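A.B. asks: Structure of the sequence below:
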Amino acid sequence: MIVRKGDVCMDSKQPFPIPVNYFSISLGLLSLGLAWRSAAVWGMPQSIGETVLAAGGVSWGLFVLIYLYKCLYRRENALAELHDVIQCCFISLIPITTILMGAALLPYMPYLAAAFVAVGILGAICFAAYRSGGLWRGRHVVDATTPVIYLPTVAASFASASVLGTLGLTNIGLLFLGAGAFSWLGLEAAVLQRLRTGTALPSPLRGVIGIQLAPPFVGCAAYLALNGGQIDLLARLLIGYGLLNLIFLARLLPWIMEKGFAVSLWAFSFGLGSMAAVGVRLQATGVMPGLGTALFWGGSILIGCLIMGTLLLMLRGRFLLR
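C.D. replies: Numbers count the residues shown, from 1 in each chain. The predicted structure is shown next:
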């Protein structure tokens, strides 16, 4: 279908220049900013964390407005994302980033922050029921079983648990921690089986493998937010599995980036931001402080590389989807 507006001819089927997975940029910035905010306990400049959180908040606001515009004026593109077996899972980034926005606003506007958290959690539950619950009808295809499938249930539940722990709502947070943990265990084997024995992901999709880093580190950060920051047996087990995934992803990075840097690499960012946050906990408690320092700076530097790569894409006119 061709729509004419003035002298401009627009094909309504052309891709929208800002797909929903670009919310992963806000996700990475917010998670890193929260890690730096917590790092103030061992002397890191508080201004850095707040600046990163401000950048994440601005990007989140812009992407929300763009998504609303898409839903109102490019409805066919919004529906195409919703019905795409892979891309639809990225829609859960909207409530997840809303939850993290609540955490970012907490020291400044606690009531607004609580509203953001409540709306984000409710939205995450509704979308998980629609997307993940809908899979129980037997309509899912094996090729769509990529790490993206973790987002509606695992990432959203862990993010909810982490922020609820920050708010002091430990008992409710534990419910979400359980939902995320058992969803992760149920999906992990299926995702790894597909990655090992299924058809190789095409180049534009390979960045989503970075999500594989998130469950252990995001889950560990959520667990520490609920248990008072104690680095106990379970926390160490989660950190160990996160490090193993980090090694595997480092080995795969040349294959993932075969076509060069792309925005899809921000799929690594939630795991990296949470890795930095876990590093802060290790350093603060004095448990393996050297590892804690490495995790904090490793996550921070790698997200910094994502920021620089994205700025270069913008300068070269390659940021928008064509």
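A.B. asks: Now do the helices in the stretch 1-150 of the chain.
C.D. replies: Secondary structure of the stretch 1-150 of the chain (DSSP state H, counting those that start in this stretch): helices at 23-38, 46-73, 75-83, 93-105, 110-131.
A.B. asks: With A189 as the reference, measure out to V20.
C.D. replies: 27 Å (Cβ to Cβ, to the nearest Å). Yep, even glycine has a C-beta here, placed from its N, CA and C like the rest.
A.B. asks: still on that earlier bit, pick the most buried one from the helices of the stretch 1-150 of the chain.
C.D. replies: helix 23-38 (a mean of 27; mean count of other Cβ atoms under 10 Å).
A.B. asks: before we move on, back to that, what's the closest of the helices of the stretch 1-150 of the chain to T293?
C.D. replies: For these, proximity to T293 was assessed by Cβ to Cβ; helix 23-38 is nearest, at 12.8 Å.
A.B. asks: what's the closest one packed up against?
C.D. replies: helix 46-73, helix 93-105, helix 269-285, helix 289-315 (3 or more Cβ pairs under 8 Å, 6 or more residues apart in numbering; DSSP states H and E).
A.B. asks: quick one: it to helix 269-285, angle?
C.D. replies: With axes from the mean of the first three to the mean of the last three Cα atoms, to 10 degrees defining the directions, helix 23-38 sits at 10 degrees from helix 269-285.
A.B. asks: Helix 23-38: how far from the chain's middle?
C.D. replies: 9 Å (Cα atoms, centre = their mean, to the nearest Å).
A.B. asks: Helix 93-105 and that helix, what's the angle between them?
C.D. replies: 20 degrees.
A.B. asks: pLDDT weak spots in the stretch 1-150 of the chain?
C.D. replies: Where the stretch 1-150 of the chain drops to pLDDT under 70, the residues are 1-13.
A.B. asks: please redo it, this time with the cut-off set to 80
C.D. replies: Across the stretch 1-150 of the chain, the ranges flagged by pLDDT under 80 are 1-14, 139.
A.B. asks: Then the stretch 201-322 of the chain?
C.D. replies: Those would be 322, if you go by pLDDT under 80 across the stretch 201-322 of the chain.
A.B. asks: before we move on, the earlier item: could you check which of V20 and A189 is surrounded by more residues?
C.D. replies: V20 (24 against 9; other Cβ atoms under 10 Å).
A.B. asks: So which residue is dead centre in this structure?
C.D. replies: F270 (4.2 Å; Cα atoms, centre = their mean).
A.B. asks: tell me the contacts of that one?
C.D. replies: S24, L27, G28, S31, A155, I211, A214, V218 (Cβ atoms under 8 Å, 6 or more residues apart in numbering).
A.B. asks: How about V263?
C.D. replies: V263 neighbours (Cβ under 8 Å, 6+ apart): N21, Y22, S24, I25, G207, T310, L313, F319.
A.B. asks: Filter those down to the buried ones, PyMOL style.
C.D. replies: The PyMOL command for the buried members of the contacts of V263 (criterion: 16 or more other Cβ atoms under 10 Å) is given here:
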select buried, resi 21+22+24+25+207+310+313
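A.B. asks: and the contacts of V263 as TSV, adding distance to V41?
C.D. replies: Shown next, in TSV, are those (distance: Cβ to Cβ, whole Å):
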residue	distance to V41
N21	33
Y22	32
S24	28
I25	27
G207	33
T310	30
L313	35
F319	36
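A.B. asks: of all the contacts of V263, which comes closest to L93?
C.D. replies: Distances from L93 to the contacts of V263, taken by Cβ to Cβ, are shortest for S24, at 6.1 Å.
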